[in-house]
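>>> Got a sequence here, can you build the structure:
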Amino acid sequence: MTSLQNDDLLKQATSLRSVINLYATRFQNVISAQRNLGFSENEGFQGKLRTAVHNVEQRLFEQNQQRLTVLLLLMRRHEKDFILRDDDKYADQLTDREAEFETALEQSRLPADAISQILELIRSYKANFVAFSVTKQTLSDQVEDLGQIYDRVRPALANLMAGADARSEAAKIRAEDIRQKLVWMIGLTTLLTGFLALLFGQRITKTIASMTAAMRQLGEGQLDVVLPGVGREDELGEMAEAVELIKLKASEEARIQLERKAEQGPHCRQAAQGCNRATCKRVRDGCRESHRQRLVRIIGTGRLCSQPHQYRRQRSSAID
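You can find the predicted model right below:
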């Protein structure tokens with residue numbers, strides 16, 4: 001459903017492209033017309049009007065022509081009315097006043113060259129006013145057309161904006177949902193990691209404590225102690241196997257001493273053999289043949305068992 005809505009919004013946006021391009025063209029025309037009129041009173045046709053009428057006023061002031069000055073002021077009044085009210089009747093009134101001005105100028109007693117100069121200036125003023133009025137009318141038409149185009153696309157734009165707002169809100173909701181899920185996942189992962197670390201830490205601590213106690217008993221001469229961790233596939237297992245070899249060596253030395261003492265009497269020899277066999281049986285049960293090469297590499301006792309056949313020979317002699 002959401003995909004269909006998104007496709008519909010995309011189609012609507014695509015259909016508006018030509019109208020938006022037309023709007024942009026009209027807007028550029030408005031800017032061009034306003035530039036021709038002038039963005040200030042000293043620019044464009046507005047500036048030309050001011051310059052032309054000031055030149056006429058200056059010439060009339062020099063010639064002391066009050067009647068012509070009054071007609072010129074009337075023309076300027078119609079000019080301002082047209083600019084403010086945008087009514088063509090004021091342009092027509094200005095044209096009538098201009099005709100009266102030319103008639104009065106010809107009837108004046110001014111020199112011919114002065115009349116010619118003033119007539120040229122007033123016609124320039126009129127031409128600039130006509131250009132200004134035409135451009136202003138063009139600007140009004142473009143602005144009106146621009147408004148019509150906008151009114152035509154306003155419902156579609158409102159629909160697009162509403163759809164975009166809805167999609168944005170839905171995206172915020174999805175982002176918040178994802179954020180909450182991530183928070184829960186991170187929290188659960190942290191708790192699980194802490195629990196596993198505590199569990200393994202306790203197991204390792206317990207194994208090390210048991211191994212320490214066994215090594216203490218071994219140091220006290222209890223060769224029949226069973227070392228915990230023998231057979232493990234980790235570093236603790238390697239440590240246990242190394243200590244087991246040390247115990248094996250100590251057991252061998254104890255057997256040799258007992259055999260030496262047994263040479264002095266049959267009873268001592270039988271006791272040595274019985275003690276040695278019981279001890280070596282427990283050692284044999286605790287050791288695993290698959291770890292012998294790794295243990296030799298860890299403890300590095302080349303004298304004791306640097307080769308696999310030496311290790312087997314020592315175990316066999318201990319059992320015998």
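
>>> Same question for the strand or helix carrying Ala242: list its buried residues.
When elements are assigned from DSSP states H and E, Ala242 belongs to helix 235-262. Neighbour-count burial for helix 235-262 flags 236-245, 247-249, 251-252, 254-255, 258, 262 (criterion: 16 or more other C-beta atoms under 10 Å). No exception for glycine: its C-beta is placed from N, CA and C like everyone else's.

>>> what residue is smack in the middle of the protein?
Nearest to the geometric centre of the chain sits Ala175, at 13.5 Å (C-alpha atoms, centre = their mean).

>>> So what's the predicted local confidence for that one?
Looking at Ala175, its pLDDT reads 92.

>>> do the one 10 residues further on as well
Reading off the confidence values, Met185 has pLDDT 92.

>>> on contacts alone, who are the packing partners of the helix or strand harbouring it?
For Met185, the host element (DSSP H and E) is helix 112-219. Here helix 112-219 touches helix 2-15, helix 17-37, helix 44-63, helix 66-85, helix 88-107, helix 235-262, going by 3 or more C-beta pairs under 8 Å, 6 or more residues apart in numbering; DSSP states H and E.

>>> Which one of these lies nearest to Asn159?
Nearest to Asn159, of all those, is helix 2-15, at 6.6 Å by C-beta to C-beta.

>>> Could I get the pLDDT score of Gln28?
Looking at Gln28, its pLDDT is 91.

>>> What's the local residue count around it?
11 (other C-beta atoms under 10 Å).

>>> Below-threshold pLDDT in this protein: ranges please.
For the chain, the stretches flagged by pLDDT under 70 are 1-9, 223, 227, 229, 264-320.

>>> switch the cut-off to 80
1-16, 160, 163-164, 200-204, 206-211, 213-255, 257-320 (pLDDT under 80).

>>> Can you give me the separation between the closest residue to Pro228 other than its chain neighbours and Val19?
Spatial nearest neighbour of Pro228, excluding adjacent residues (C-beta to C-beta, 6 or more residues apart in numbering): Ser210 at 4.1 Å. Distance from Ser210 to Val19, counting by C-beta to C-beta, to the nearest Å: 85 Å.

>>> likewise Gly44?
With C-beta to C-beta as the criterion, Gly44 and Val19 are 30 Å apart.

>>> One more: Arg154?
With distances taken as C-beta to C-beta, Arg154 is found 11 Å from Val19.

>>> More neighbours: which of the two?
Between Arg154 and Val19, counting by other C-beta under 10 Å, Val19 is the more crowded of the two (15 against 10).

>>> ok, now which ones touch the nearest residue to that one once chain neighbours are set aside?
Nearest non-adjacent residue to Val19, counting by C-beta to C-beta, 6+ apart: Val153, 5.0 Å away. Val153 makes contact with Leu16, Val19, Ile20, Tyr23, according to C-beta atoms under 8 Å, 6 or more residues apart in numbering.

>>> which of these count as buried?
The neighbour-count test (16+ other C-beta under 10 Å) marks Leu16, Tyr23 as buried among the contacts of Val153.

>>> Now render the contacts of Val153 as JSON lines, adding distance to Pro111.
Rendered in JSON lines, the data for these read as follows (distance: C-beta to C-beta, whole Å):
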{"residue": "Leu16", "distance to Pro111": "66"}
{"residue": "Val19", "distance to Pro111": "62"}
{"residue": "Ile20", "distance to Pro111": "62"}
{"residue": "Tyr23", "distance to Pro111": "57"}
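
>>> What is the nearest of the contacts of Val153 to Glu169?
Nearest to Glu169 among the contacts of Val153, counting by C-beta to C-beta, is Leu16 at 22.5 Å.

>>> Distance-wise, check that closest one relative to Glu144.
Here the distance between Leu16 and Glu144 works out to 21 Å (C-beta to C-beta).

>>> same deal with Ala213?
Ala213 is 101 Å from Glu144, by C-beta to C-beta.

>>> go on, Tyr23?
Taking C-beta to C-beta, one finds Tyr23 at 13 Å from Glu144.

>>> What of Leu37?
Look at Leu37 and Glu144: by C-beta to C-beta, they are 16 Å apart.

>>> more neighbours, these two?
Leu37 (19 against 11).

>>> Was I right to think the more buried one contacts Thr135?
Yes. Counting by C-beta atoms under 8 Å, Leu37 touches Thr135, with 5.4 Å between them.

>>> Need the overlap of contacts for these two.
Common neighbours of Leu37 and Thr135 (C-beta under 8 Å, 6+ apart) are Phe45.
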